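J.: Take a look and give me a structure for this.
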Amino acid sequence: MKNLYSSGALVVLAVLFIVLTMLSSIVFKGWRLDLTENNLYTLSEGTVNIAESLDQKVRLRLYFSDSASEDLPQIRSYAERVWELMQELAAQSDGMIELERIDPEPFSEAEDDAARYGLEAVPLNQAGDVLYLGVVGTNAVDGLEVLPFLSPNRESLLEYDLARMVATLATPDLPRVGLITGLQLSGGFDMQTGQRTPSWAVFDQWSELFDLTTIPTTGESGATGLPPDLDALVVVHPKNLSEDLMFAIDQFVLGGGRLLAFVDPYAEADPGENPNDPASRFMAERASTLAPLFEAWGYRTVRSRPGPGVAGHGPAGPAAGAASGDPGADRSGPQRPRHCHGQPEHGQRRQRRRPGRHRSRQRAGHRAVDAVQ
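T.: The predicted structure follows:
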């Protein structure tokens, strides 16, 4: 009799276990718990925002040589890490990201597709075995993005690479960004070495992510206005901007445009007025500022002593600065445009009419600067 009760209890426990397993798969569907030390499987807020804001389907295909990597435990572990991160990204997209995992075996159609997409085949041995570990992304309008090979050495950038791929596929029309700079971000020519200097890495990244338009500021081709329909404006180390161009920047911000500004009291990378003259670098005025516009917007740039500048807002900011009348403040750069309080030019977006024009101008400046802090 005792054995009968024991057997019955085991049956009941088994049934309860099955029921609880089925309930947990329904109730906790989509729940994930990251117990790793560095939260390897937890997406950043920016990546989650990209996944949640998708309005069209994106398909990601992981090409991994599963059968050819049986003797490579580290590579297999990293491939699982890639796949699990892709699954987490898809889980945040509410069904807008579709996943597929493909093993491109030798002489298969999948291998032909991998080669056609430009995925890298890494040789494993002299027998001709190769390893594929790449991602191909597509969208509904024939957009294509490829990560040819996911090296374990770039594991810290894995989430960024995947998020950028999804963001690019989700926005076929790249945002249009204007660039004003006094530095050679796109590269130049070094007269001392006789070789061309490479472009800055940040410039290459911007060129990939945006429809980037460089706005000239010097010479006969110097711009007096901004191109139409800009989504954002980036100003890096501005120098010798014309009064008309300063006014155009002012109107762009007041009209709701986004501005990302970098000013520097001592830019070591400043090539000087004539980049082709080696002596120009030593005679260059290395300071840059948008003080006239910052003053009009109620924003102050403060130079610490010694060291680079720190920024503060209006009366709440630090007590010294170019806009505060401090004798030690940085006053390099153009003077305040005489028509800084004018209305938007024809073709520009008009600012909203609010009581107290100067107060409205300060709010617009705060919005523009707050967006990048």
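J.: which residues of the stretch 1-150 of the chain fall in helices?
T.: In order along the chain, the stretch 1-150 of the chain carries the following helices (DSSP state H, counting those that start in this stretch): 2-27, 45-52, 73-91, 109-116.
J.: Identify whichever of the ones you listed lies nearest to Val135.
T.: Of all the helices of the stretch 1-150 of the chain, it is helix 73-91 that lies closest to Val135, at 7.6 Å by C-beta to C-beta. All C-beta spots, glycine's among them, are computed from the backbone N, C-alpha and C.
J.: Tell me which residues are up against that closest one.
T.: 30, 32, 40-41, 43, 47, 51, 60, 62, 64, 66, 69-70, 97-99, 101, 131, 133, 135, 150, 152, 155, 158-159, 162-163, 166 (C-beta atoms under 8 Å, 6 or more residues apart in numbering).
J.: that older thread, can you list the helices of the stretch 1-150 of the chain in CSV and add mean neighbour count?
T.: Conversion of the helices of the stretch 1-150 of the chain to CSV gives the following (neighbours: other C-beta atoms under 10 Å):
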stretch, mean neighbour count
helix 2-27, 9
helix 45-52, 16
helix 73-91, 16
helix 109-116, 14
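J.: Wait, Glu97 touches Gln56, no?
T.: Careful, residue 97 is Ile and not Glu. No - at 10.5 Å, Ile97 does not count as touching Gln56 under the criterion of C-beta atoms under 8 Å.
J.: neighbour-wise, which of these two wins?
T.: Set Ile97 next to Gln56 and count neighbours by other C-beta atoms under 10 Å: Ile97 wins out with 23 against 13.
J.: Skipping adjacent residues, who's closest to the more buried one in space?
T.: Ala90 (4.2 Å; C-beta to C-beta, 6 or more residues apart in numbering).
J.: what about the strands in the stretch 201-350 of the chain?
T.: Counting by DSSP state E, counting those that start in this stretch, the stretch 201-350 of the chain has strands at residues 211-214, 232-236, 258-262, 299-303, 309-313.
J.: among those, which gets the worst mean confidence?
T.: Ranked by mean pLDDT, the strands of the stretch 201-350 of the chain end with strand 309-313 in last place, scoring a mean of 43.
J.: on that earlier part again, closest to Ser199 out of the helices of the stretch 1-150 of the chain?
T.: Each of those was scored for nearness to Ser199 using C-beta to C-beta, and the closest is helix 45-52 (25.0 Å).
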